[in-house]
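>>> Sequence plus the predicted model coming up.
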Amino acid sequence: MNNNNLPTAGLEPLTRRGFLRAATLTGMALTAGCASLGGRRTPNGEAVYAHLSEEEARVLTRLTEILLPTEQFGLPSSTGEVPTVANINDMAGDMAPQTRDLMAMVLWIFERRPMASFRFSRFTRLDDEEALRYVRAMQSGTFFERGLMTTLHTAVCVNYWRDSRTWPGLDYHGPVTGIWGVRRLGNAPMPTA
Amino acid sequence: MRAINIPRDGLPVTTARDMARDDSISGRFTLKTEVVVIGSGAGGSMVAWELARAGRQVLVVEAGPYHPSSAFTEHLGDTMTEIYREQAAQLNATADVLFPEGACVGGSTVIGACVMQQPPDSVLRRWSGELGLKNLAPDVIKPLFEEVGREQYVHLNDAHEINTTAHKVIQGCERMGFSWKPVSRNVRQCALTGHCLAGCPSDRKMSALVTHLPWAVGHGARVMADTEVTRVLIRNGRAYGVEAVVRDPRTRQKVADLRIDAEVVVAAGGAIQTPLLLQRSEIPDVSGQLGKNLAVQPFVQVLARFREELHGFRGALVGVEIDEFIETDGYMFFSALAEPEQLMIQGNQGAGPDHINFMKSYKHLAGLNAFAVDEGRGEVKWKGSHTDGRKVISWNPSRSEFEKLKHGAALASRVFFAAGAEEIYLPSFQRLSAPSVFDLDARLDEITYGVRGMYSLRINSFSSHGTCRMGVDRYQAVTNARGEVYDVKGLFVADASLLPEPMASAPHWTVQTLAKQVAQGIHARGQELFLKG
């Protein structure tokens, strides 16, 4: 797949209805402890998460595949080895109810937004090339489309790159105080008058 | 002579778990103290130490958890989960400007980047002259600044504290003819780990965790974590204590309701939390300024990719600043490149292979944060009841603030191009980069103000201030020059809320200095404020 020459325009305008606040998630993505993929699976092999609906998990999994095609770059798989969606699930479990509702709305809209521009298809039914084109169109869309896309982009990518297994691929050293044997100084002495 | 025992390591902090285990504590209990300090960050810890060493009985209450230095993992993702307010997702009302804060014992000093700056004398002269705040005149306040500087081990970065990211900024400045200098930081024997934003596990950052809080404890102050003050109690124009709720930080379940009877109440929760508390407390506010005048010192980060490997995330997080524009234009620039997670905050780095390639270039990246002084038009408001309401932070860039930030991004980009950058990543909600300086203006033109500047530039704020500004006119300010709330005797503010105007300097040092002045003022009025004089 050549991702370099794909057009970025083509989305029809969305209404602004209650939509601005959806991007509350912009920074919210910087959250949550890592979790194991584990958990239950449906008979067709889909993971079941405690804090994400089936559809939400499907959208996030597909978005993870599109944003982070890691295996072709020799990085740990974003959907297998690193529990990206499970991390987002943990994040959702810690959200305030109002924020959680907004995340649900963002994902609902994101899943259905392509229907206006991609032959009535939902995001999860687009092929790789179309899905990437859709993501890029959202990134260069109207101001609230950019907000929505950036929110989801941040949620997915933070919850992948926060995993220390991804760091060797970046030549990032991670924690060093222990490795270097840096001694703790303890509390600072009280200044003398 | 009193024996002073400073804990060698960590702090004796009463947590929700301690209270849950204590059979003598029921669902509701009352404590008595002379001074209750709300918040344990830069301002609160200073007040606690100053008043404890003056012999006052001091209780510090902190809404966040106690996270000792030994528990820091140098893992930014986990740290954000545990000790950043709302897991680093404190946002403005339109959800496009981030306001990261520490929410733990030690407050934002625990996760700060250690930058310490004094306001220029010209600013202090204006505050003392035009605004009439004689207590801020350079000859009055400078000795306090120096005292705080010694307490905080403030020093100019030495050569070994200037990493490759910073050296790229220096190279660019030299070629552009811009003035630069090493940053002043409050670090003792910096270990150069680059993990400031995730807390300092070896106690080298001079956060409140290892300075003023243990010193205050050494003088008898007590510290409670997991304890959120819901309102200040006021009767007949006099503060007489606070109400608080103790919650388990993991389950958020209530452990107890708490009332603290105190003769002096000091609010030091920062410029966002303090006005919210005072609004919940329904303090008289004849000025109508409570929560208003929010200045956020907004910043954007420009990333640059160089041909050579920099590993710019190694070494001291902040190395140099560009000081060419502070006094003339209100701009500050600081070199910095943090953990991989931090790159997501910068903006949109593409999708699919574009994103992976961007991340794979991490070791080739350098970062420069461009700060601008804003107009102080923001507002913090508590909506709803004091128990069930919510906060609303209103700040979006005006057109001129937007243009300033964009200009700051342009300057930062040019510095990096002058240093030889191969590509610049612009801090926008769009996916924008410039491969050369000749393409820069065209790319910048694509970042437009749009609707109230929303979802346009990627803006963050670590330095809110001004929401309970001090002033000599009770109809224009929330507190007087002593930091005491007008019309509420015994209620003081000691944090960045006090700053009378938007300022361009990093506020940490100023906040601690003001807090010291407020505390010394309280001590000087002992006869008036305390029963035992």
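That came through, no problem.
>>> What is the neighbour count of B:Gly471?
Using other Cβ atoms under 10 Å in any protein chain shown, B:Gly471 is surrounded by 22 other residues. Where you see a C-beta, it was placed from the backbone N, CA and C, and this is true even at glycine.
>>> so who does it touch?
Contacts here follow Cβ atoms under 8 Å, 6 or more residues apart in numbering or on different chains; on that basis B:Gly471 touches B:Leu131, B:Gly132, B:Leu133, B:Ala477, B:Thr479, B:Asn480, B:Ala481, B:Pro500.
>>> For the residue nearest in space to the middle of chain A, pull up the helix or strand it's in.
The residue at the geometric middle of chain A, judged as the C-alpha nearest the mean C-alpha position with Cα atoms, centre = their mean, is A:Val156 (1.3 Å). Under the criterion DSSP states H and E, the helix or strand holding A:Val156 is helix A:143-161.
>>> Show me what that helix is packed against.
Packed against helix A:143-161 by the contact rule (3 or more Cβ pairs under 8 Å, 6 or more residues apart in numbering or on different chains; DSSP states H and E) you find helix A:25-28, helix A:54-67, helix A:84-93, helix A:97-112, helix A:128-139, helix B:343-346.
>>> Indicate which one of those is closest to B:Gly450.
Taking Cβ to Cβ as the criterion, B:Gly450 comes closest to helix A:128-139 out of the helices and strands packed on helix A:143-161, the separation being 14.8 Å.
>>> Same question for the closest one: list its buried residues.
By neighbour count, and taking 16 or more other Cβ atoms under 10 Å in any protein chain shown as the criterion, the buried residues in helix A:128-139 are A:Glu130, A:Ala131, A:Leu132, A:Arg133, A:Tyr134, A:Val135, A:Arg136, A:Ala137, A:Met138, A:Gln139.
>>> Spell out which residues of the stretch 51-200 of chain B are next to chain A.
By the rule Cβ under 8 Å from any Cβ of the partner chain, the part of the stretch 51-200 of chain B lying against chain A is B:69-70, B:73-78, B:80-81, B:84, B:86-91, B:94-96, B:98, B:100, B:150-151, B:153, B:188-189, B:191, B:193-195.
>>> list the contacts for B:Arg238?
In this structure, B:Arg238 makes contact with B:Val488, B:Lys489, B:Gly490, judged by Cβ under 8 Å, 6+ apart.
>>> Give the phi and psi angles for it, as a check.
The phi and psi values for B:Arg238, taken as degrees, to the nearest 10, are phi -130, psi 130.
>>> cool, the one 4 residues further on as well?
Backbone dihedrals for B:Val242, given as degrees, to the nearest 10, come out at phi -140, psi 160.
>>> Make sure it is actually in contact with B:Val35.
No - counting by Cβ atoms under 8 Å, B:Val242 sits too far from B:Val35 to count as a contact (11.3 Å).
>>> hang on, the earlier thing: render the CA-only coordinates of the helix holding A:Val156 in CSV, please.
These are the backbone C-alpha positions of helix A:143-161, laid out as CSV (Å, rounded to 0.1, in the frame of the first residue of the first chain):
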residue,chain,number,x,y,z
PHE,A,143,-12.0,22.5,12.9
PHE,A,144,-14.2,20.1,14.8
GLU,A,145,-13.2,17.2,12.5
ARG,A,146,-9.6,17.9,13.2
GLY,A,147,-10.4,18.0,16.9
LEU,A,148,-12.2,14.7,16.8
MET,A,149,-9.5,13.0,14.8
THR,A,150,-6.7,14.4,17.0
THR,A,151,-8.5,13.1,20.0
LEU,A,152,-8.7,9.6,18.8
HIS,A,153,-5.2,9.7,17.3
THR,A,154,-3.9,10.7,20.7
ALA,A,155,-5.9,8.1,22.6
VAL,A,156,-4.6,5.3,20.3
CYS,A,157,-1.0,6.4,19.9
VAL,A,158,-0.4,7.2,23.6
ASN,A,159,-1.7,3.9,24.6
TYR,A,160,0.7,2.2,22.2
TRP,A,161,3.9,4.2,22.7
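>>> Direction-wise, compare it with helix A:84-93 and give the angle.
Orientation check (axes from the mean of the first three to the mean of the last three Cα atoms, to 10 degrees): helix A:143-161 against helix A:84-93 gives 110 degrees.
>>> Over helix A:143-161, what's the mean pLDDT, rounded is fine.
The average of the pLDDT scores along helix A:143-161 is 90.
>>> Determine the next helix or strand in the C-terminal direction from that helix.
In the C-terminal direction, the helix or strand that comes right after helix A:143-161 (DSSP H and E) is helix A:177-180.
>>> before we move on, the earlier item: pretty sure the residue nearest to the centre of chain A is touching A:Ile66, no?
No - under the contact definition of Cβ under 8 Å, A:Val156 does not touch A:Ile66, with a separation of 9.1 Å.
>>> what's the spacing between B:Met528 and chain A?
Actually, residue B:528 is Glu rather than Met. Between B:Glu528 and chain A the distance, using Cβ to the nearest Cβ, to the nearest Å, works out to 26 Å.
>>> list the buried ones in the one helix or strand that residue maps to?
Counting by DSSP H and E, the element that carries B:Glu528 is helix B:526-529. Applying a neighbour-count criterion of 16+ other Cβ under 10 Å, the buried positions in helix B:526-529 are B:Gly526, B:Leu529.
>>> Show me the contact partners of that helix.
By Cβ under 8 Å, 6+ apart, the surrounding residues in contact with helix B:526-529 are B:Glu263, B:Val264, B:Lys489, B:Gly490, B:Ile522, B:Gly533.
>>> Now with 10 Å, please.
Applying Cβ atoms under 10 Å, 6 or more residues apart in numbering or on different chains, the external contacts of helix B:526-529 come out as B:34-35, B:51, B:54-56, B:238, B:263-264, B:484, B:489-490, B:492, B:521-523, B:532-533.
>>> so who does the residue nearest to B:Val300 when sequence neighbours are not counted touch?
In space, not counting the residues next to it along the chain, B:Val300 is nearest to B:Pro427; the distance is 3.9 Å by Cβ to Cβ, 6 or more residues apart in numbering or on different chains. B:Pro427 makes contacts with B:299-303, B:345-348, B:369-370, B:405-406, B:408-409, B:412-413, B:447, B:456-460, as judged by Cβ under 10 Å, 6+ apart.
>>> And A:Leu126, by the same measure?
By Cβ under 10 Å, 6+ apart, the residues touching A:Leu126 are A:Arg62, A:Ile66, A:Pro114, A:Phe118, A:Arg119, A:Leu132, A:Arg133, A:Tyr134, A:Val135.
>>> of all those residues, which two lie farthest apart?
Between all members of the contacts of A:Leu126, the farthest pair (by Cβ to Cβ) comes out as A:Ile66 and A:Arg119, at 17.9 Å.
>>> Retrieve the pLDDT associated with B:Ala504.
The confidence metric pLDDT takes the value 91 at B:Ala504.
>>> Could you give the number of residues near it?
Taking other Cβ under 10 Å as the criterion, the count of residues near B:Ala504 is 21.
>>> Repeat that for B:Trp49.
Look at B:Trp49: counted by other Cβ under 10 Å, it has 29 neighbours.
>>> quick one on the thing from earlier: which one (most neighbours) among the contacts of B:Gly471?
Within these, B:Thr479 tops the neighbour count with 28 neighbours, counted by other Cβ under 10 Å.
>>> Excluding chain neighbours, what is closest to that residue?
Here the residue nearest B:Thr479, using Cβ to Cβ, 6+ apart, is B:Met470, at 4.7 Å.
>>> isn't the one you found right up against B:Asp495?
No - with contacts counted by Cβ atoms under 10 Å, B:Met470 stays clear of B:Asp495, the gap being 11.4 Å.
>>> Need the overlap of contacts for these two.
Shared contacts of B:Met470 and B:Asp495 (Cβ under 10 Å, 6+ apart): B:Gly483, B:Leu514, B:Val518.
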